[in-house]
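*Asks:* structure for the following, please:
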Amino acid sequence: MIGCYSICYFQAMAHGVTPGVIATLLGVQPILTLLLLERRFSPLRLLGLLVALAGLAAVVFQSLVLARFSLAGMLFALGALLCMTVGAILQQRVRQSPVEVLPTQYGVSLLLCLAFVPFQPIRLEAVTGFIIPVLWLGLVISVAAQLLLYRMIQTGNLVNVTSLFYLVPVVTVGMDYLFLGNQLSRTGLLGMGAILLGLALVFRAAPQPHRG
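*Replies:* Numbers count the residues shown, from 1 in each chain. From the prediction side, this is the model:
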């Protein structure tokens with residue numbers, strides 16, 4: 001699922017779908033997870049997810065405005081959403097330690113991605129602007145963050161865990177302001193507020209764990 005998700009994500013961008021559109025579409029994942037896993041859920045919980053999704057759309061509004069939609073690109077984006085949703089649900093059933101399963105998963109994902117190499121143009125420039133992001137993505141995002149995510153999936157409510165993905169644009173915008181000095185629009189600020197409000201509703205209406 002990780003390999004298929006990566007392929008679909010990058011192919012969607014290659015076919016002109018902007019990151020903002022993909023992020024908004026992937027924001028549907030917690031809603032799908034709620035509908036698939038929680039048969040009896042509070043309407044307030046669904047409302048919270050919808051409010052957070054609306055906030056996400058507001059944060060990436062500029063990317064949505066500039067979006068170009070193509071059939072192939074949207075199909076790949078939907079494929080990424082499907083892989084992400086199914087993968088999270090399947091991962092919750094894995095009882096092995098995340099440290100044990102992650103190398104195997106990434107090994108299979110690498111083989112899948114390598115299978116597409118002959119069909120894709122590749123140009124590599126070993127400059128600082130390339131090396132630092134690759135190290136960040138490879139060590140922090142793909143290892144540290146992924147291990148933390150798997151641990152949270154094993155021990156927490158899956159809808160709660162996946163809803164935290166809505167915080168990604170909030171943190172990104174904050175880092176963009178702190179490191180690059182880019183200002184956030186009023187629409188983006190309202191979107192960030194909506195995300196935080198939506199998450200508060202989601203966690204407030206979360207089902208209580210059964211005590212045996």
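*Asks:* quick check: residue 170 vs residue 199, distance?
*Replies:* According to Cβ to Cβ, to the nearest Å, residue 170 and residue 199 sit 10 Å apart. C-beta coordinates here come from the backbone N, C-alpha and C atoms, glycine included.
*Asks:* the two: which is more packed in?
*Replies:* Counting neighbours by other Cβ atoms under 10 Å for residue 170 and for residue 199 shows that residue 199 has the greater number, 22 against 19.
*Asks:* mind listing what the residue nearest to the spatial centre of the chain touches?
*Replies:* With distances taken as Cα atoms, centre = their mean, residue 165 lies nearest the centre of the chain, 5.6 Å away. Contact partners of residue 165, counting by Cβ atoms under 8 Å, 6 or more residues apart in numbering, are 26-27, 29-30.
*Asks:* and of these, the nearest to residue 184?
*Replies:* residue 27 (18.4 Å; Cβ to Cβ).
*Asks:* so who does the residue lying closest to residue 202 once chain neighbours are set aside touch?
*Replies:* Spatial nearest neighbour of residue 202, chain neighbours left out: residue 48 (3.8 Å); criterion: Cβ to Cβ, 6 or more residues apart in numbering. Counting by Cβ under 8 Å, 6+ apart, residue 48 makes contact with 163, 197-205.
*Asks:* cool, residue 208 as well?
*Replies:* For residue 208, the contact set (Cβ under 8 Å, 6+ apart) is empty.
*Asks:* ranges for the helices of the protein?
*Replies:* For the chain, the helices defined by DSSP state H cover 2-14, 19-26, 29-37, 43-59, 61-65, 71-92, 98-115, 128-135, 146-155, 158-163, 167-180, 186-204.
*Asks:* please save the CA atoms from the longest one in PDB.
*Replies:* Right, the one you point to is helix 71-92. The C-alpha trace of helix 71-92 is given here as PDB (Å, rounded to 0.1, in the frame of the first residue of the first chain):
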ATOM      1  CA  LEU A  71      -8.900  12.500 -15.700                       C
ATOM      2  CA  ALA A  72      -5.700  10.600 -15.300                       C
ATOM      3  CA  GLY A  73      -4.500  12.900 -12.600                       C
ATOM      4  CA  MET A  74      -7.700  12.600 -10.500                       C
ATOM      5  CA  LEU A  75      -7.800   8.800 -10.900                       C
ATOM      6  CA  PHE A  76      -4.200   8.600  -9.600                       C
ATOM      7  CA  ALA A  77      -5.200  11.000  -6.700                       C
ATOM      8  CA  LEU A  78      -8.200   8.800  -5.900                       C
ATOM      9  CA  GLY A  79      -5.900   5.800  -6.000                       C
ATOM     10  CA  ALA A  80      -3.600   7.500  -3.400                       C
ATOM     11  CA  LEU A  81      -6.600   8.100  -1.200                       C
ATOM     12  CA  LEU A  82      -7.700   4.400  -1.500                       C
ATOM     13  CA  CYS A  83      -4.200   3.100  -0.700                       C
ATOM     14  CA  MET A  84      -3.900   5.500   2.200                       C
ATOM     15  CA  THR A  85      -7.200   4.500   3.700                       C
ATOM     16  CA  VAL A  86      -6.900   0.700   3.200                       C
ATOM     17  CA  GLY A  87      -3.300   0.800   4.300                       C
ATOM     18  CA  ALA A  88      -4.100   2.500   7.600                       C
ATOM     19  CA  ILE A  89      -6.900   0.000   8.300                       C
ATOM     20  CA  LEU A  90      -4.700  -3.000   7.600                       C
ATOM     21  CA  GLN A  91      -1.900  -1.600   9.600                       C
ATOM     22  CA  GLN A  92      -4.100  -1.400  12.700                       C
END
